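Asks: Sequence and predicted model, in that order:
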Amino acid sequence: MPNANNAAIVEISQTANKFRSSIVLQYDNKYIDVKSILGLFTTLLTSGTYDLHVHGPDADEAKKTMAEVFAKHNLNVNIVED
């Protein structure tokens with residue numbers, strides 16, 4: 001499968017870095033720190049559904065904002081509510 005476009009990966013990573021919360025993307029058995037651009041380049045695909053785990057002091061705002069960024073780039077993400 002082709003990788004998501006570079007603009008999506010950069011925007012996702014930059015957006016995640018605005019938050020203090022831990023933001024981790026789960027795909028199959030892989031867990032990727034969304035703040036790591038390299039991790040996103042090696043994992044983020046244009047098709048498939050990802051689970052996003054967010055924990056920390058600004059988690060609610062981070063979940064909402066990250067969901068918007070993924071949707072903007074037509075990437076399916078499920079925000080995991082713990």
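Replies: Right, received. Where do you want to start? Numbering: from 1, shown residues only.

Asks: Give me the buried positions along the lowest-mean-pLDDT helix or strand in the chain.
Replies: Comparing helices and strands within the chain by mean pLDDT, DSSP states H and E singles out helix 37-43 as the least confident, with a mean of 85. Of the residues in helix 37-43, those buried under the neighbour-count criterion (16 or more other CB atoms under 10 Å) are 37, 39-40, 43. Bear in mind the C-beta positions are built from the backbone N, C-alpha and C, glycine included.

Asks: Mind jotting down where the strands sit in this protein?
Replies: Applying DSSP state E to the chain gives strands spanning 22-27, 30-33, 49-55, 76-79.

Asks: Of those, flag the one that's most buried.
Replies: Of all those, strand 22-27 carries the top mean neighbour count, a mean of 18, counting by mean count of other CB atoms under 10 Å.

Asks: Low-confidence ranges, the protein, go.
Replies: 1-4, 45-47 (pLDDT under 70).

Asks: 50 instead?
Replies: 1-2 (pLDDT under 50).

Asks: if we can go back for a sec, is it possible to get a markdown table of the buried residues of helix 37-43 that adds distance to E68?
Replies: As requested, the buried residues of helix 37-43 are arranged in a markdown table below (distance: CB to CB, whole Å):
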| residue | distance to E68 |
| --- | --- |
| I37 | 19 |
| G39 | 21 |
| L40 | 17 |
| T43 | 20 |
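
Asks: Next up, the contacts around the closest residue to N78 other than its chain neighbours.
Replies: If you skip the residues right next to it in sequence, N78 has D51 as its closest partner in space, 5.0 Å away by CB to CB, 6 or more residues apart in numbering. Counting by CB atoms under 8 Å, 6 or more residues apart in numbering, D51 makes contact with 25-27, 77-78, 80.

Asks: All set now, cheers.
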